[in-house]
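Trainee: below: sequence and its predicted model.
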Amino acid sequence: MDGDNLTSRYLGFWRRIILLVAVIIGSMLLFYKAPALLTASWVDFTQQKADEVKSPYKAIGNEGKRLQALPLETYIQEKTQGKIIKLEADRWRNFYRDIYLVGTREIDKSKYADRISPRDVEILKWQTGRTGYFVPIFFKVQELPIQEWNLSPQEGAYVYLVISEKESAKYLRVEYHDYLSTSGPMTSVYPEPPAHLYYPYRNVGWGVLGIGILLAIFLPQPRKRENVIEYPRFRLVMGDILGVILLLLFFCLPFLINGGTVQAVKGWWGLSLIFWFLALGPVLILYSSAAYASFHVRLGEDSLHIARAGSGREYRYDDVEGVERLELHNPAWFRKLFFWVLMFSFLSGKGASSSSVGTYFLSEAAAYTGLALYFKDGHIQYIWITDALGNVLLPGYENIVRVLQGHGVPYHVTDKVIEKFLPLP
């Protein structure tokens with residue numbers, strides 16, 4: 001086997017490992033949410049005080065009447081609970097101006113136009129005649145000096161900022177949002193931040209996935225050679241596709257259910273563990289596909305060459321003691337484990353999903369047929385010729401038996417069953 005073809009087989013192994021890693025890392029980055037964000041919103045206390053006695057239901061409570069009757073300064077002190085920080089007007093004037101422009105519908109003039117909740121964007125778009133509606137603007141925690149403002153990094157903490165210009169005070173409310181403490185299984189965040197702040201690594205995640213897929217497609221493929229027995233490429237590709245689909249399903253579901261990558265660990269982590277355990281199946285599919293893609297047997301005149309993952313070894317036919325046809329099943333403890341996962345699904349009261357039922361029966365019924373080549377040095381080489389359902393995986397495997405028998409190597413067809421995980425080529 002020439003070096004170029006051996007190298008391409010080595011790349012055939014790594015293309016699938018790269019794809020596996022890209023799917024895992026890319027998915028984690030796609031669903032990663034910012035652990036915390038800040039919002040800053042304009043506050044018009046004069047308008048807010050007047051609105052205390054306005055109600056679309058025409059039922060004004062005593063508290064609203066009391067607040068509306070307060071002097072403005074007293075009203076502000078009561079609403080802010082004294083959490084007011086005075087800022088230098090020259091330093092923060094532009095900051096105030098850009099936040100105010102968003103609330104007055106002049107979004108295009110504000111540099112914070114892309115920091116609004118998608119829902120608020122729609123409100124500002126359709127309610128053009130509404131005044132005094134100042135939406136929150138989102139910021140990363142490190143973008144604002146919260147320590148300087150004595151703002152505690154905990155959910156719901158807030159502070160009011162004020163600058164004085166031309167004998168008038170302008171207020172902003174800055175609030176801390178801890179999404180690790182507030183977002184949980186099947187919950188939503190309101191108002192939802194814009195995607196580029198809420199999912200800070202989403203573009204990187206798409207990039208990682210894209211690179212992994214492109215490498216899996218365009219890395220060199222080994223050329224077909226005579227007297228070489230190998231696993232069909234189309235079967236390997238179908239295995240890759242199946243593995244990726246199942247991996248995305250089982251690995252990403254906890255992120256969707258819990259609301260993020262970190263939340264999958266802090267939320268319903270028990271459910272996450274079940275899905276991630278099921279994700280080991282597609283991980284094994286992709287890794288097996290990588291091993292099979294790099295494997296080949298080349299039959300020569302006096303020896304056979306066996307390659308795996310880019311490395312090759314030559315064996316003389318005289319070094320082979322015998323060939324045995326056998327069957328392999330999953331370990332008993334492994335089958336029982338899937339049985340208890342299925343029972344747990346039933347006992348949870350929600351019924352067993354089709355995926356857990358199917359996984360259990362597949363683990364129970366899986367039976368692989370293969371050849372075991374026994375060498376005089378004690379080495380055993382397994383060559384698997386069917387999949388778990390009995391379909392032939394390795395066309396031409398009969399030639400291996402025929403050539404070995406032609407060189408005096410005994411061949412045994414036995415009822416031997418071994419219970420272990422599928423040994424890769």
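Mentor: Arrived safely, thanks for sending.
Trainee: hey, C-alpha coordinates of stretch 158-166 in CSV?
Mentor: Extracted C-alpha coordinates of stretch 158-166, given in CSV (Å, rounded to 0.1, in the frame of the first residue of the first chain):
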residue,chain,number,x,y,z
TYR,A,158,-30.9,47.8,40.7
VAL,A,159,-29.6,51.4,40.9
TYR,A,160,-30.8,54.7,39.6
LEU,A,161,-28.3,56.9,37.8
VAL,A,162,-28.8,60.7,37.6
ILE,A,163,-27.1,63.5,35.8
SER,A,164,-28.1,67.2,36.1
GLU,A,165,-28.2,69.5,33.1
LYS,A,166,-29.7,72.9,32.9
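Trainee: ok, residues contacting that stretch?
Mentor: Contacts to stretch 158-166, defined as CB atoms under 8 Å, 6 or more residues apart in numbering, come from residues 40, 43, 80, 83-89, 92-93, 96, 149-151, 169-176. Every residue, glycine included, has its C-beta placed from N, CA and C.
Trainee: in helices, which of those residues fall?
Mentor: Secondary structure from DSSP state H places Thr80, Ala89, Trp92, Arg93, Tyr96 of the contacts of stretch 158-166 in helices.
Trainee: which PyMOL command selects the buried ones in the contacts of stretch 158-166?
Mentor: Here is the PyMOL command that picks out the buried ones among the contacts of stretch 158-166, judged by 16 or more other CB atoms under 10 Å:
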select buried, resi 40+43+80+83+87+96+151+170+171+172+173+174+175+176
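Trainee: the ones in helices among the contacts of stretch 158-166: which two are farthest apart?
Mentor: Thr80 and Arg93 (21.1 Å; CB to CB).
Trainee: quick one: low-confidence ranges for the stretch 301-425 of the chain?
Mentor: Residue ranges of the stretch 301-425 of the chain with pLDDT under 70: 309-311, 341-342, 345-365, 420-425.
Trainee: which residues of it fall in helices?
Mentor: 332-347, 354-365, 397-406 (DSSP state H, counting those that start in this stretch).
Trainee: ok, back up a step: from the contacts of stretch 158-166, which land in strands?
Mentor: 40, 43, 84-86, 169-176 (DSSP state E).
Trainee: of all those residues, which comes closest to Arg298?
Mentor: For the ones in strands among the contacts of stretch 158-166, the nearest to Arg298 is Tyr176 (65.5 Å; CB to CB).
Trainee: gap between the closest one and Lys336?
Mentor: 49 Å (CB to CB, to the nearest Å).
Trainee: can you give me the buried ones in the lengthiest helix in the chain?
Mentor: Among all segments of the chain classified by DSSP H, the helix with the greatest residue count is helix 3-31. For helix 3-31, a neighbour-count test (16+ other CB under 10 Å) marks 5-6, 8-20, 22-24, 26-31 as buried.
Trainee: rewinding a little: tell me the two of the ones in strands among the contacts of stretch 158-166 that are most distant?
Mentor: Ala169 and Tyr176 (22.9 Å).
Trainee: number of nearby residues for Ser188?
Mentor: Ser188 has 7 neighbours, counted by other CB atoms under 10 Å.
Trainee: may I have the residues that are in contact with it?
Mentor: Each residue near Ser188 by CB under 8 Å, 6+ apart is listed here: Gly259.
Trainee: tell me the pLDDT of it.
Mentor: We note a pLDDT of 70 for Ser188 in this prediction.
Trainee: how about residues contacting stretch 73-89?
Mentor: 45, 48-49, 67, 70, 149-150, 158-165, 171.
Trainee: how is this protein partitioned into domains?
Mentor: The record's domain split for the chain, according to automatic domain parsing, is 36-196, 225-419.
Trainee: how long is the longest one end to end?
Mentor: The first residue of domain 225-419 is 35 Å away from its last residue (CA to CA, to the nearest Å).
Trainee: ok now that domain, how far from the chain's centre?
Mentor: Distance of domain 225-419 from the chain centroid (CA atoms, centre = their mean, to the nearest Å) equals 24 Å.
Trainee: cool, the first one as well?
Mentor: How far domain 36-196 lies from its chain's middle: 34 Å, per CA atoms, centre = their mean.
Trainee: do me a favour and get the end-to-end distance for it?
Mentor: 14 Å.
Trainee: residue ranges of the strands in the stretch 251-400 of the chain, please?
Mentor: Remark: strands assigned in the stretch 251-400 of the chain by DSSP state E, counting those that start in this stretch are 296-299, 303-308, 311-316, 320-329, 367-375, 380-384.
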